[in-house]
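**Q** Next come a sequence and a model predicted from it.
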Amino acid sequence: MQDNLVSFKCPTCDTSLLFDAELGKFLCPACSNQYEIADIEKAGASAEPSFDWGAHMASYVKEDLTGTVTYSCKYCGADIVTEATTSATHCPYCDNEIIINEKLTGSLRPNCIIPFKFDKKNIADMWKTLLKKKRLLPKNFITDAVIEKAQGIYVPFWLYDCTADGRMTFETTTRRSWYSSGYDYTEVKYYYVTVEGEVGFKKVPVDASIKMDNRTMDLLEPYDYSQLEPFAPGYLSGFMADRYDDTPAECAPRVNTRVIDGVANVFSKEVTGYNTSRRVSEDLGLKDTAAVYALLPVYTMKAQYNGKTYEYTINGQTGKIVGDFPKSKARWFKTFGIVSGIIAVVLMLLMFLMR
C-alpha cells in the first residue's frame, strides 16, 4: 500500500524538490541541481489508471467532502490539517512539499495537466506591463511582499467532448424605407428561420471546484490545450492542488449552457440576408458525451489599498489577470491635469489661428 504523503527529494542533498515552471523540471532550492520529472518519480505518468468517464458514471456515489482531514507528516511527525479536497500542500513545520497520494489514485487521478509556465518573479513584470496600460492604477499597489504571498494552485477542471444535434429557431426581420407623396414609409417584415444540424465540441472547460468562483474561472480562459501533459504527481511539488468536488453530472447544466451558446454562434452565421436576427428557441440533444479530468494552473493573490481588499486570479499558463482594480486619485488628478493642459493649448492655438 502506498504512503498517503509523498515528497520528492533531491538525490544529492535530500532537500524537498520543487517543480520549476520556467525550466519544466524539478529544481533543488538548496544545491540548485535540476532533474527531469520522469527521472525522479518511481512510476511514469501512465503507470497508474486515472479517471475513467464510463466507470465514474456507472459507479459514482455522492461523497461527503466537508470538514478537514489531518495527516501526520512522515518527515517531521507534525500534524498537517487540510481541507478534504486538498491533494498537494506544504508542511509549515519542516518545509517539505507534500503530495497526498490517496487524493490522486484511481478515479481521483487526473488524466492530464497543464503545468505552470511562469514563477512568482514573472508576476512582477506582468504588473509593470499592466501599469502602463491602466494609467490610474496605483504605482505601489502591488509590492514584492504581495507577490511573494501569491499562491499557485492547480484547479480541477472537467474537459468535455460532445456533439450537439438538433435545431434552433431565429426571429428575423427585413426593413425597407422609402419616400412618396410627402410621406416617409417603413416596411418591416418578420420571418422565423430554423437551422438544423450537428456541431462537435472538444475540451469544453468547466471548473470542478466548489470553492472557486465559476465566473472568475470562465474569465481566465482561454487555455492552450495543446500544452496538456499526461498527469505526473511531480508537477504538483511546490504548489497547492485540489481534487474535484463538483462531479461531471453536477457540472452538466453549465456545460449545456456553454454548448447552446456555441451552437447559437455557429447556427447564427447561417442566418443571412436579414436586417436583424435573434434566437428564440432551441431543441438540442447532446450525444457522445465524455469528459477527462484535468488540472489547470492558477495563481491567487490579495492586495490592500485604502482599507479595501482586492483579490486577483491569474492564469498560470498565459498570465491573464482577472479582478477589480483600484484607481489612484493622485494619478487621476495628474492625468486630468495633463489632458486639461493639452486641451487648453489646442484651444489657444485655434483662437490664435482664427484671428
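**A** Done, it's in. Numbers count the residues shown, from 1 in each chain.
**Q** In contact with Trp53, which residues?
**A** By C-beta atoms under 8 Å, 6 or more residues apart in numbering, the contact list for Trp53 reads Pro248, Ala290, Ala291, Val292. All C-beta atoms are positioned from the backbone trio N, CA, C, and that covers glycine.
**Q** ok, and the most crowded of these?
**A** Neighbour counts for the contacts of Trp53 (other C-beta atoms under 10 Å) peak at Ala291, which has 26 neighbours.
**Q** Run through the helices of the stretch 101-250 of the chain in chain order.
**A** All helices of the stretch 101-250 of the chain, identified by DSSP state H, counting those that start in this stretch, fall at 120-133, 144-148, 214-219, 248-268.
**Q** Who are the packing partners of the longest one?
**A** Judged by 3 or more C-beta pairs under 8 Å, 6 or more residues apart in numbering; DSSP states H and E, the packing partners of helix 248-268 are helix 53-59, strand 151-180, strand 183-207, strand 276-305.
**Q** Those: which one's closest to Phe8?
**A** With C-beta to C-beta as the criterion, Phe8 lies closest to strand 151-180 of the helices and strands packed on helix 248-268, at 15.6 Å.
**Q** can you state the direction angle for the closest one and strand 183-207?
**A** Strand 151-180 and strand 183-207 are oriented at 170 degrees to each other (axes from the mean of the first three to the mean of the last three C-alpha atoms, to 10 degrees).
**Q** returning to that earlier point: out of the contacts of Trp53, name the two that are farthest from one another.
**A** Maximum pairwise distance in the contacts of Trp53, criterion C-beta to C-beta, is 9.9 Å, between Pro248 and Val292.
**Q** Need the residues touching each of the two.
**A** Common contacts of Pro248 and Val292, defined by C-beta under 8 Å, 6+ apart, comprise Trp53, Trp158.
**Q** Over to stretch 89-97 now: how far is its first residue from its last?
**A** Stretch 89-97 has an end-to-end distance of 6 Å (C-alpha to C-alpha, to the nearest Å).
**Q** just stretch 207-226 next, same as before
**A** One end of stretch 207-226 to the other measures 18 Å (C-alpha to C-alpha).
**Q** thinking again about what came up before, which one of the contacts of Trp53 is nearest to Cys91?
**A** Val292 (30.8 Å).
**Q** picking that back up, how about the helices of the stretch 101-250 of the chain, which one is nearest Glu198?
**A** Within those, the stretch nearest Glu198 is helix 248-268; the backing value is 9.4 Å (C-beta to C-beta).
**Q** any weak-confidence spans in the stretch 51-200 of the chain?
**A** Where the stretch 51-200 of the chain drops to pLDDT under 70, the residues are 136.
**Q** hmm, 80 instead?
**A** Within the stretch 51-200 of the chain, the segments meeting pLDDT under 80 span 53, 56-67, 130-141.
**Q** next one: the stretch 251-355 of the chain
**A** For the stretch 251-355 of the chain (pLDDT under 80), the answer is 327-355.
**Q** Try it again at 90.
**A** For the stretch 251-355 of the chain, residues meeting the criterion pLDDT under 90 lie at 252, 303-310, 324-355.
**Q** thinking again about what came up before, for the helices of the stretch 101-250 of the chain, give me CSV that also has distance to Glu311.
**A** Below are the helices of the stretch 101-250 of the chain laid out as CSV (distance: least, C-beta to C-beta, whole Å):
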stretch, distance to Glu311
helix 120-133, 14
helix 144-148, 11
helix 214-219, 9
helix 248-268, 22
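**Q** Which one of those helices lies nearest to Pro110?
**A** Distance to Pro110, taken as C-beta to C-beta, is lowest for helix 248-268 among the helices of the stretch 101-250 of the chain, at 13.4 Å.
**Q** Pro110 versus Ile100, what's the distance?
**A** The gap separating Ile100 from Pro110 is 13 Å, by C-beta to C-beta, to the nearest Å.
**Q** on that earlier part again, so for Cys28, which of the helices and strands packed on helix 248-268 sits nearest?
**A** Cys28 sits nearest to strand 151-180 of all the helices and strands packed on helix 248-268, at 18.3 Å, using C-beta to C-beta.
**Q** Tell me the strands beside the closest one, with direction?
**A** Here strand 151-180 has these sheet partners by DSSP bridges: strand 183-207 (antiparallel), strand 240-242 (parallel), strand 276-305 (antiparallel).
**Q** Asp79 is nearest to which of these?
**A** Closest to Asp79 of the strands paired with strand 151-180 is strand 240-242 (C-beta to C-beta; 18.1 Å).
**Q** from the middle of its chain, how far away would that closest one be?
**A** Relative to its parent chain, strand 240-242 has a centroid offset of 14 Å by C-alpha atoms, centre = their mean, to the nearest Å.
**Q** cool, stretch 107-114 as well?
**A** Counting by C-alpha atoms, centre = their mean, stretch 107-114 comes out at 16 Å from the chain centroid.
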